[in-house]
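Undergrad: Give me coordinates for this.
(3 chains)
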Amino acid sequence: MKRSRLPATLTALVLLFLNAPLAVLVLNSFNASRFGGTWEGFTWQWYERLWQADEVWDAFLLSLRLATATTLAATVLGTLAAWSLHRFNGRLQHVHRALIVLPLALPELLMGMALLSLFTALHIPTGPLTIWAAHVTFCISYVAMVVLGRLRDFDTHLLDAARDLGAGPWQVAYRVLLPLLLPGILAGALLAFTLSMDDFVITFFVSGPGSTTLPLRIASMMKTSRSLPVINALSTLLLCATFLAAALSLRLGRRCTPPS
Amino acid sequence: MDDSLVIDAVSRRFGALRALDDVSLSIREGEIFSLLGPSGCGKTTLLRLLAGFDAPEAGRIFLAGKDITALPPEHRPVNTVFQNYALFPHLSVRENIAFGPRLAGWSRSELRTAIDRMLALVKLESHADCKPAQLSGGQKQRTALARALVNRPRVLLLDEPLAALDLKLRQHLLVELASLHREVGTTFVYVTHDQGEAMSLSHRIAVMNRGRVEQVDEPERLYRQPATAFVAAFIGNTNIVDGRAESGGVRLADGLFAPLPDGVNAASGTSLRLSVRPEHMRLEIGGLEDPWRVAEVVFGGPHTQYWVEGRGQRWLIQQPGPPAFARGAAVQLRVESAGVSLLPEAGS
Amino acid sequence: MKHVFRGRTTEWLLTTPSLLWLAIFFALPAGLILMAAFRPADLHGGLGDGWSLAAVHALADPSYPALWFRTLWLSLVATLICLALALPAGYHLARLPRRRQGVILLLIVLPFLTNFLIRVFAWKTLLHPDGPLTRLLQNCGILSEDTLLLYNSGAVLAVLVYVHLPFALLPVYAAAERFDFCLLDAARDLGAGAWKRFWSVFLPGVGAGAGAGALLVLTGCLGQYVVPQLVGGTDNEMIGNRIVQRAFSDRNLPEAAALSGVLLIALLLVLMAQARKRRHSAREAGL
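TA: Now for the predicted structure:
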C-alpha cells in the first residue's frame, strides 16, 4: 500500500498559493505595463520613479527610526518577561502570562481602538511617540514568545554549575545565560524590527499629522493608480529585505543546536 | 583521619514532605562516601545543601571546622559533577575546564598548566577544542570531572554521574573513578541509587530512606550486618522472616531452624525478625513428607536462583552452578549462620 | 543576594517592567474602550464630558445584525478553509527530511513576514480587471468578459485565507513535528485505513495546535477591515470597516468604542472558554 499523494499535492498548492501573488508582484515591478495584465517589456522605470519619490524615503526613514527604537525597548522588556515567566510560577505570573498572550490573540483593530481611546482620553496628541509606544506594546509579546521558546530547551542546571564553579549571580547571567540565550534574543529582536516596520493597522489608529510611516505611505499610494507600479518596485525591495531577515533569523535559530 | 565534612541535625521540608529529617553525618578527609537510596530518599536534597544551592530549615553544615551553612555555592570550596554534566554548550572542553579558574583570577601560565594537567588526567588532550555536543557520554562525564577537579575543591560532589551511561561504560568508568580518586585524594561524596556502584566504589556508605539515614557503614559490614530491614532488602537480595529465639538460634514461623552467628545472642522466647541472605541457604533433595517445593527456577549464569514455597513462607535461595532442581521438586532447606542477621524490628 | 534568581523581590524586579508596560498600554486601554462607549462624542472626534447612552443605543441600528452575521460567517468559513489546508500540509511537512522542512518553512514564513498591505495589494493586482489572473481566465474562456474577480465576497474570502493561513499552518506544523508518527503505523497495524488514521489518530494528536491556530485565524478575521476595504465591494463590509468608519470618517469615537467593546467582550469570552478547556484537559492528563 502506498502513501496517499493528497497531502503532498495540497502542500505544493498551499506553497504556490502563498508565494505566487508575491512572485507576480516582483515580476510586475519590471513590467512596462501599468496593470501587469500582460508583459509589455522589461523596464527599470518604476524603480527610477521610486528613487525620486522623496515622500516614500521620508516615510521609510521614519519607519526605520521607529523600528530601531521599538526593537531596543521591546527586546529588553520581552526578554525580562520571558525570563520571569520561565523562572517563576505563581499568581503574579498567571496575570503576567495573560497580559503577554492576549495582545497576540486579539485582533490588531481592537488594540488600535484601545490605544486610540487611551490617547484620546488622556489628551495625548498622536505622533511618532504614540506610534512607538503602540509598537513596543505588541512587540513585547512576540519577543517574549520567541525567547520563551529558547528557554524551554535551556538546562537550568547550567546556572547551578556556573555558581558551583564560583560565578556570582551577575557573572552567571553574563557568562552563561546571555551567551546561550543570545540567538533567541536576536531572533526576537529581528522579529520585533520586522513587525514594527510592517505594521499598518495599529499605526493607522495612533498616527497623527507628520507621522506617516512607510505602510501608511503605501496605503495612501494605493489610492492613486498612477503610483501602483511604484508600489510593486517598493514591495520587491522590501521582500528582499524580509528574505534576508528571515534567512538570518533561521540561521540564528539553528546555531548552538547540536548536530544530531 | 579528620572529619572533613560534618552534617549536624539537618532538616529540609518541601511543603508537607520531609525531604530530610534530622540528618547527621560526618565524612572523613579523603574518603569516598556514598549517599545511597531509592529515588525520593533525600540524597539529592542533601547534595544540593552541601553544594549550597539550597539551605536547610534546621541544622548546620561544617567544612573543615568552618560553618558553611549560609555560604552561597560560589564561595564554597566544594564542586559538583552534575547528573547530566551541565557542560556549557557554548564553550569548548578547554574553556569549560577554565571556567572556574578564570573566575578565581588565576594567572595565564598557572591556568595553562593546570588545564593541561587536567586534560591529561582525564585523557581528553585530543578533544580539548571540541564542543560538548561533539563528545560521547563518557567524554562528557570526564570533562565534567576535570571541570570540577581543576578548582582543587576540598570536597567533590558527584550526583549520579554514571546514571546516563550504558552498563559496560558504567563499569569501565567506575574503575577509572576509583583510580582518579587515588591520584587526587580529594574527598568524594557520591550520590547514587545503584547499590552495585556504591558497594564497589565507596569506603563508606550512608543508606537513606524517606529523608532519614538508616545506616552508615563500610560496604561489607552493610551487607553482612544490615541494621534495618530496609537496608537488608535494599543492599542485595534477602529473605526477611520472623521467629522466636531458642537456644543457639531461632525457630522460624514455618518450623525451620536458623542458627545465629557467633557473638549474637537472644534471650529464649523473644520474638525476632531476621534477614537471611539467599546465598547462605542450602538446598538438598527432600522427600514427599517435606513441605518445601521449588516454585520457580531462574538461571543466572554462574549461579541459579530458586523460589521455594511451603507452609505459607516463600524463600529466595541462590546456589552456585547450573540448575540442579526442577520446578515442583521436593526439597529440604538449611540456613547457614553466616547469612543471618538480627533486625531491630521485633517479629509479630 | 543569596538566591538572586529565586527570591520574591527578584520576581517583582524582573516582572515589573513588562507587566507595568502592558498594564498601561494594553489592559488599561482595553478597559477604556468600554468606558468610551458610555461617553458623548465631541465635534473633534474625541470624547465629550459627562456620560451618555447614545453610543450604546446606536448598537441597535437595524443595519448591524446583517453586518455581524456577514463578519461571523466570512470569518468562520475562512477559518475552516485554513484548517482544511493546514492539517494535510502540516502532516506532510512534519514527515519531510529536516533540511527540506527548513526550505519550505522559509516559503511559509516569508509571505507571513512580508508587509501585510503589500500582500493584500498583491492580490488586488492579481485579481484586477486588467490583471494577470483575469486575463488568463478570460483567454481560457472560463471567465466571461464582464465578470469581476475583485469586489465580491469570494475575493474577500480568498484574501482572508491568504493573510491568515500561516497563523493556522505554523501551530499545526509545530504540533505535527512533536507528533509520534509511529502511532500511525500502530493504527495501520491494527487495521485502520488512511482516513481513519488521519481522523482518529493524527487529528487528536495535533488537536491542541490546530485549536490554537484556528482561534488565531478566527480572531484575526473577526477584527479585519483592510481586506474587505481593499478587495471587497460595498456589500462585503465587515464589522471592522464600520468601526473605522465611525472612528475616523464620522468622528464618533463613542460609537466606534461601543462596537469594539462588543467585539472585545465576545472574543474574551471565547478565549476564556478555550483557556478553561485547556486547563481542564491538562488536569485530566495530569491524573
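Undergrad: Tell me the secondary structure at the residue in the stretch 151-300 of chain B that chain C sits nearest to.
TA: Relative to chain C, the nearest point of the stretch 151-300 of chain B is B:L157 (18.6 Å; Cβ to the nearest Cβ). Where C-beta positions appear, they are placed from N, C-alpha and C, glycine not excepted. Recorded secondary structure, B:L157: strand (DSSP: H, G, I helix; E, B strand; the rest coil).
Undergrad: ok, how many other residues are close to the residue of the stretch 151-300 of chain B found nearest chain A?
TA: Nearest to chain A in the stretch 151-300 of chain B, going by Cβ to the nearest Cβ, is B:N151, at a distance of 6.6 Å. B:N151 has 21 neighbouring residues, counting by other Cβ atoms under 10 Å in any protein chain shown.
Undergrad: Kindly give the local confidence score, pLDDT, for the residue of the stretch 151-300 of chain B closest to chain C.
TA: On pLDDT, B:L157 comes in at 95.
Undergrad: repeat for the one 3 residues further on
TA: pLDDT, B:E160: 91.
Undergrad: Now do the contacts for it.
TA: Under the criterion of Cβ atoms under 8 Å, 6 or more residues apart in numbering or on different chains, the neighbours of B:E160 are B:83, B:191-193.
Undergrad: does A:Y47 count as helix, strand or coil?
TA: Going by three-state DSSP: A:Y47 is helix.
Undergrad: Buried residues in stretch B:287-301, which are they?
TA: Applying a neighbour-count criterion of 16 or more other Cβ atoms under 10 Å in any protein chain shown, one finds B:291-294, B:297 buried in stretch B:287-301.
Undergrad: Please identify the helix or strand for B:L283.
TA: Secondary structure from DSSP states H and E places B:L283 in strand B:281-285.
Undergrad: next one: phi and psi at the residue in the stretch 151-287 of chain C that chain A sits nearest to?
TA: Residue nearest to chain A within the stretch 151-287 of chain C: C:G223 (2.2 Å; Cβ to the nearest Cβ). Backbone torsions for C:G223, taken as degrees, to the nearest 10, come to phi -100, psi 10.
Undergrad: which non-adjacent residue is nearest B:L252?
TA: Leaving aside its chain neighbours, B:L252 sits nearest to B:G243 (4.0 Å; criterion: Cβ to Cβ, 6 or more residues apart in numbering or on different chains).
Undergrad: Confirm that the one you found lies within a strand, as I assumed.
TA: Yes. Looking at B:G243 with three-state DSSP, it is inside a strand.
Undergrad: that older thread, distance of the residue of the stretch 151-287 of chain C closest to chain A from C:L263?
TA: 7 Å (Cβ to Cβ, to the nearest Å).
Undergrad: intersection of neighbour lists for the two?
TA: With Cβ under 8 Å, 6+ apart as the test, C:G223 and C:L263 both reach A:107, A:110.
Undergrad: quick one: stretch C:230-240 to chain centroid distance?
TA: 17 Å (Cα atoms, centre = their mean, to the nearest Å).
Undergrad: show me the biggest helix of chain C in terms of residues.
TA: Selection of the longest helix in chain C by residue count, based on DSSP state H, yields helix C:253-286.
Undergrad: Next, the contact list for residue 212, please.
TA: I went with chain A, as the question did not name one. A:55, A:58-59, A:62, A:220 are the contacts of A:T212 under Cβ under 8 Å, 6+ apart.
Undergrad: my question was about chain C
TA: C:P171.
Undergrad: For my notes, confirm it occurs in a helix.
TA: Yes. Counting by three-state DSSP, C:A212 falls inside a helix.
Undergrad: one step back: how near is the residue of the stretch 151-300 of chain B closest to chain C to A:T70?
TA: On the measure of Cβ to Cβ, B:L157 and A:T70 end up 46 Å apart.
Undergrad: I'd like the domain boundaries of chain B, if you could list them.
TA: Using automatic domain parsing, the domain ranges for chain B come out as B:3-229, B:237-343.
Undergrad: just the ones you listed: most buried one?
TA: domain B:3-229 (a mean of 19; mean count of other Cβ atoms under 10 Å in any protein chain shown).
Undergrad: Excluding sequence neighbours, find me the nearest residue to the residue positioned nearest the centre of chain C.
TA: What sits nearest the mean C-alpha location of chain C, by Cα atoms, centre = their mean, is C:G220, with 2.3 Å. Closest residue in space to C:G220, ignoring its immediate chain neighbours: C:H164 at 5.1 Å, by Cβ to Cβ, 6+ apart.
Undergrad: so how far is chain B from that neighbour?
TA: 37 Å (Cβ to the nearest Cβ, to the nearest Å).
Undergrad: A:C240: neighbouring residues, count only.
TA: A:C240, neighbours per other Cβ under 10 Å, totals 11.
Undergrad: All set now, cheers.
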